[in-house]
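Engineer: need a 3D model of the sequence below.
(one chain, ligands or ions: 1)
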Amino acid sequence: MQIEDLDDYILSHIDPEGESLARLDRDTHLFHLRPRMCSGHLQGRLLKMLVRMIAPKRILELGTFTGYSALCLAEGLPEDGELHTIEIDDELEDFIRTHLSQSPVGNRVHLHIGDAREVLKRLDPDHRFDLVFIDANKRQYSEYYDLVFDRVSPGGFIIADNTLWDGKVVEPGKKIDAQTQGILDFNDKIASDTRVEKVILPLRDGLTIIYKKP
Ligand SMILES: C[S@@+](CC[C@H](N)C(=O)[O-])C[C@H]1O[C@@H](n2cnc3c(N)ncnc32)[C@H](O)[C@@H]1O
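Structural biologist: So this is what the prediction gives:
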């Protein structure tokens with residue numbers, strides 16, 4: 001059995017990603033370096049399903065890249081739901097806004113350009129988020145967690161992407177680079193945080209789901 005065969009089988013037995021996301025995925029691969037950063041079909045459908053299950057009214061995303069995960073999360077929101085997404089790379093802004101405008105759920109997405117750690121301070125202090133998706137700089141995951149924690153509603157969720165970091169979290173003896181160290185520190189921090197319940201899904205590059213106890 002080939003892993004690729006299984007991937008194809010899964011993708012042909014789950015919901016399609018839809019026209020605007022397929023176009024966004026194609027354009028991401030055509031016009032951007034490191035297109036693998038894009039969540040893609042399977043993880044995108046999972047994010048939408050998680051939003052359906054959690055039923056958040058307001059979502060925060062750190063790390064927009066080309067907007068694929070933002071639109072998947074937004075698809076699961078109700079009409080009056082909103083998603084705030086923060087991207088540090090201002091060269092991506094036009095591309096993201098073009099694709100938001102072409103999506104039927106793009107009006108639910110509020111894009112902020114800047115360093116998430118700074119932008120967070122400028123967001124309405126009364127806003128509470130029922131779901132936060134952390135997917136920006138791996139070196140800064142613990143910092144993001146501390147910054148957003150008080151703004152997550154009691155009973156809300158934080159989802160962190162890439163928490164298995166291509167398996168580098170379990171490569172003993174290898175020199176640890178700064179990004180891997182960031183993920184290792186984050187995973188240890190979450191494991192010992194008694195304010196939350198957590199589980200790591202070995203999907204794609206690892207997805208940690210964190211529940212903030214009420
Ligand atoms: C893995 S990509 C995000 C992928 C996207 N969430 C998706 O699934 O399609 C990470 C993004 O985070 C951005 N980023 C890195 N550091 C950041 C920061 N401090 N604040 C905001 N965005 C940041 C990068 O420029 C990059 O576009």
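Engineer: mind jotting down where the strands sit in this structure?
Structural biologist: Secondary structure of the chain (DSSP state E): strands at 58-62, 82-87, 109-113, 129-134, 152-161, 196-201, 207-212.
Engineer: let me have those in JSON lines, extended by mean pLDDT.
Structural biologist: Putting those into JSON lines (pLDDT from 0 to 100) gives the following:
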{"stretch": "strand 58-62", "mean pLDDT": "98"}
{"stretch": "strand 82-87", "mean pLDDT": "98"}
{"stretch": "strand 109-113", "mean pLDDT": "98"}
{"stretch": "strand 129-134", "mean pLDDT": "98"}
{"stretch": "strand 152-161", "mean pLDDT": "98"}
{"stretch": "strand 196-201", "mean pLDDT": "98"}
{"stretch": "strand 207-212", "mean pLDDT": "98"}
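Engineer: winner for burial among these?
Structural biologist: strand 58-62 (a mean of 26; mean count of other Cβ atoms under 10 Å). The way it works is simple: take the backbone N, C-alpha and C, and place the C-beta from them, glycine included.
Engineer: same for that strand, what does it pack against?
Structural biologist: For strand 58-62, the packing partners by 3 or more Cβ pairs under 8 Å, 6 or more residues apart in numbering; DSSP states H and E come out as helix 68-76, strand 82-87, strand 129-134, helix 141-149.
Engineer: and those: which comes nearest residue 193?
Structural biologist: helix 141-149 (8.5 Å; Cβ to Cβ).
Engineer: now do the closest one and strand 152-161, the angle between them.
Structural biologist: 160 degrees (axes from the mean of the first three to the mean of the last three Cα atoms, to 10 degrees).
Engineer: excluding chain neighbours, what is closest to residue 32?
Structural biologist: residue 66 (6.2 Å; Cβ to Cβ, 6 or more residues apart in numbering).
Engineer: correct me, but that neighbour touches residue 28?
Structural biologist: Yes - Residue 66 lies in contact with residue 28 (Cβ atoms under 8 Å); the separation is 4.5 Å.
Engineer: now do the shared contacts for the two.
Structural biologist: residue 38 (Cβ atoms under 8 Å, 6 or more residues apart in numbering).
Engineer: which bits of this protein sit near the ligand?
Structural biologist: 37-39, 62-63, 65, 68-69, 86-89, 115-117, 135-137, 140 (Cβ under 6 Å from any ligand atom).
Engineer: mind running it again at 8 Å?
Structural biologist: 28, 34, 37-40, 43-44, 61-70, 85-89, 92, 114-117, 119, 133, 135-137, 140, 144, 161-162 (Cβ under 8 Å from any ligand atom).
Engineer: show the buried residues in those residues.
Structural biologist: Buried subset of these (neighbour count, 16 or more other Cβ atoms under 10 Å): 28, 37-40, 43-44, 61-70, 85-88, 92, 116-117, 119, 133, 135-137, 140, 144, 161-162.
Engineer: thank you, goodbye.
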